[in-house]
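A.B. asks: Build the 3D model from these lines:
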Amino acid sequence: MKEIIENLVKEALKSLGMEAETVLVEHPSDLSHGDYSTNAGIKFGHKEELFKYLNENKPEEIEKIEIAGPGFINFHLSKEFFKKSIGEIVEKGSEFGKNENMKGEKVMVEHTDPNPFKTFHIGHLMPNVVGSTLARIFERNGAEVKQACYQGDVGIHVAKAIWGMMQGSDEPYVFGNKKYEEDENARKEIQDINKKIYDRSDESINKLYDEGRKASLEYFDSIYKKLSSHFDYFFFESEAAPRGKKLVEENMGEVFEAGENGAVVFHAEKYDESLHTRVFINSEGIPTYEAKELGLAPMKFERYPYTKSIVVTGNEVNEYFRVLLQALKLISPKLAEITEHIGHGMLRLPTGKMSSRSGGALEAETLIDEVKEKTKGDESVAIGAIKYMILRQSIGNDIIFDIDKSVSTEGDSGVYLQYAYVRAKSVTAEGQRILGDYDKSKELEAENAEFVIEKMLYKFPEIVERACEEYAPNYITTYLTEVASAFNSFYAQNKIINPDDMKKSYYRLMLAKATETVMKNGLDILGIPAPERM
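C.D. replies: Next comes the predicted model:
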């Protein structure tokens, strides 16, 4: 409908001798101002002439058009439009909200990226929830999507953990990290272990490494199952490291230069003064994170020839990724052009505390269990509460996670959405028991009464499109919260099933069914469980 109105406004402007590639058409925040509004009368002038053309050429879906304020033109949709939209939602079911805007695109979304030998902490929840949600949004918009996880199974953090294991520590990484900072001898031993891990020259270290890596990956997999997330591909730093080192060595003198103590560096500021110099091979000849990332890009493309690669990480490495993409641009311009980094904010607790008692980062499972206690042991509700809090605002913002707010039943929570879905589903089931299943051959008879929920449901496809265009899952979260509120009001103020007025009851039942459909489709995109009952 939005596109129809946009084209109508363009035609009106053309009739006045004006051309416009784009015109602004949006939903007014106040429903009394109509269902759509354009500022064309302000931007282009001639509001009376525009209004006259629009009014004379309006399609049947538009009931009336009016001028408001200094030149806004408001469009009120007809009851017939809402009736048809309700029938369309019910008929399309799980397909409602899908489009083909990204048809032909092959997208790889890399996210989560936990490091073996370290805990899966609450910071990993952010990229997991954001990345998997973006993947589902791209799929809803017609793209073929694969999800990837890149894990640091080599590096100094692994050496610290192996050293801690050799000392018999219950928390080897935390202990090894502490000693690395405090004890010169421990630091040297850990650095020596790091070299041996890379060249696999020590059998006892290899054994500890292989066992620890296997246990870590199994542990991560158990958390992915809790979060209902999945990956199509797993990549590892141990695989990317030699590939990246080779790329750096092959481009010495042209892209990379010798640094201090035998290190290899990239002076990114030569190409963009807002960038900075980074080390790609350290003085010990070991490739750094930067070089490994450089090797990862072609590995990913070889496994899945994508048209777009999205990398989701915390925004603390935004500048690092800008340097990396500049280096990639010089080595492989094609891959750099189709690679995009998205930095998300941090997940924090109200106290600002991120760490456990032992000094390590707070485990994701600990947070899930704490929220679970507030939901009477219902893990699906707890997971929904956590995901909602992460997705309720724009990706780049930090999130203060308040457990009590996350499980509120009063609105602005995952629980609130789940309750609304369950209520709509319950109403639908009861109504179908009394009135029979939906039959598209039956003619819906819309009521004269205006329901806010009618004016919400048809917008879902637009919201899905906008969430994709702007990489903004929060649009879907906000929209579903508004739908839930509108349905709860509709439910409280109206008798859905009235045996004395079956036609009215049938239309109201369809409103409930359409609400159930939209809520389910939206929750699916967000990865929030849609429970059968609560």
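A.B. asks: all contacts plus neighbour counts: C-alpha atoms, from now on.
C.D. replies: Will do.
A.B. asks: After the helix or strand hosting E63, heading C-terminal, what element do we hit next?
C.D. replies: E63 is part of strand 62-68, with elements assigned from DSSP states H and E. Sequence-wise, the next helix or strand downstream of strand 62-68 (DSSP H and E) is strand 72-77.
A.B. asks: name the helices or strands packed onto the helix or strand that comes right after that following strand?
C.D. replies: Sequence-wise, the next helix or strand downstream of strand 72-77 (DSSP H and E) is helix 79-92. With contacts taken as 3 or more C-alpha pairs under 8 Å, 6 or more residues apart in numbering; DSSP states H and E, helix 79-92 sits against helix 454-457, helix 502-526.
A.B. asks: can we see that at 6 Å?
C.D. replies: On a contact count with 3 or more C-alpha pairs under 6 Å, 6 or more residues apart in numbering; DSSP states H and E, helix 79-92 meets no helix or strand.
A.B. asks: what's the helix or strand just after that helix in contact with?
C.D. replies: Scanning forward in sequence from helix 79-92 by DSSP H and E, the next helix or strand is strand 106-110. Strand 106-110 is contacted by residues E144, V145, K146, Q147, A148, C149, Y306, T307, K308, S309, I310, V311 when judged by C-alpha atoms under 6 Å, 6 or more residues apart in numbering.
A.B. asks: Which residue, other than its chain neighbours, is closest to the second one?
C.D. replies: Setting aside the residues directly before and after it, V145 is nearest to V107 in space (C-alpha to C-alpha, 6 or more residues apart in numbering), at 4.8 Å.
A.B. asks: Please apply the same query to the third one.
C.D. replies: Spatially, and ignoring its direct neighbours in sequence, K146 is nearest to M108 (4.8 Å; C-alpha to C-alpha, 6+ apart).
A.B. asks: Burial check on that neighbour, number of neighbours?
C.D. replies: Look at M108: counted by other C-alpha atoms under 10 Å, it has 25 neighbours.
A.B. asks: how far away is it from G131?
C.D. replies: Using C-alpha to C-alpha, to the nearest Å, M108 is found at 10 Å from G131.
A.B. asks: Name the residues contacting each of the two.
C.D. replies: Counting by C-alpha under 6 Å, 6+ apart, nothing touches both M108 and G131.
A.B. asks: Specify the beta-bridge partners of the residue nearest to K146.
C.D. replies: With DSSP bridges as the criterion, M108 is bridged to K146, S309.
A.B. asks: In terms of pLDDT, where does it sit?
C.D. replies: On the pLDDT scale, M108 is placed at 98.
A.B. asks: next one: F490
C.D. replies: 94.
A.B. asks: Check F451 too.
C.D. replies: 89.
A.B. asks: cool, and T22?
C.D. replies: 87.
A.B. asks: What about it, how many residues nearby?
C.D. replies: Other residues within reach of T22, judged by other C-alpha under 10 Å, total 10.
A.B. asks: Distance check, it against L8.
C.D. replies: Distance from T22 to L8, by C-alpha to C-alpha: 12 Å.
A.B. asks: can you list the domain ranges for the protein.
C.D. replies: With domains defined by automatic domain parsing, the chain comprises 2-77, 410-526.
A.B. asks: among those domains, which is the most enclosed?
C.D. replies: domain 410-526 (a mean of 19; mean count of other C-alpha atoms under 10 Å).
A.B. asks: Show me the strands in the stretch 151-300 of the chain, by range?
C.D. replies: Taking DSSP state E, counting those that start in this stretch as the test, the strands found in the stretch 151-300 of the chain are 233-236, 257-258, 264-267, 277-281.
A.B. asks: Residue ranges in the protein under the pLDDT threshold?
C.D. replies: For the chain, applying pLDDT under 70 flags the ranges 352-360, 437-446.
A.B. asks: about what we covered before: can you pick out the most distant pair from the contacts of strand 106-110?
C.D. replies: By the measure C-alpha to C-alpha, C149 and T307 form the most distant pair in the contacts of strand 106-110, at 18.1 Å.
A.B. asks: helix/strand/coil for N115?
C.D. replies: Following DSSP: H, G, I helix; E, B strand; the rest coil, N115 is assigned to coil.
A.B. asks: got it, and the one 10 residues further on?
C.D. replies: When the structure is split into helix, strand and coil by three-state DSSP, L125 lands in helix.
A.B. asks: Quick check: the gap between it and K387.
C.D. replies: Taking C-alpha to C-alpha, one finds L125 at 8 Å from K387.
A.B. asks: what about the closest residue to Y458 other than its chain neighbours, neighbour count?
C.D. replies: Spatial nearest neighbour of Y458, chain neighbours left out: S85 (6.1 Å); criterion: C-alpha to C-alpha, 6+ apart. Look at S85: counted by other C-alpha under 10 Å, it has 18 neighbours.
A.B. asks: And the helices in the stretch 401-534 of the chain?
C.D. replies: If DSSP state H, counting those that start in this stretch is used as the criterion, the helices of the stretch 401-534 of the chain fall at 403-406, 414-435, 454-457, 460-469, 474-493, 502-526.
A.B. asks: Show me what the helix or strand where L335 lies is packed up against.
C.D. replies: Per DSSP H and E: L335 is located in helix 333-337. On a contact count with 3+ C-alpha pairs under 6 Å, 6+ apart, helix 333-337 meets helix 318-331.
A.B. asks: and the angle for the helix it packs on with strand 277-281?
C.D. replies: 70 degrees (axes from the mean of the first three to the mean of the last three C-alpha atoms, to 10 degrees).
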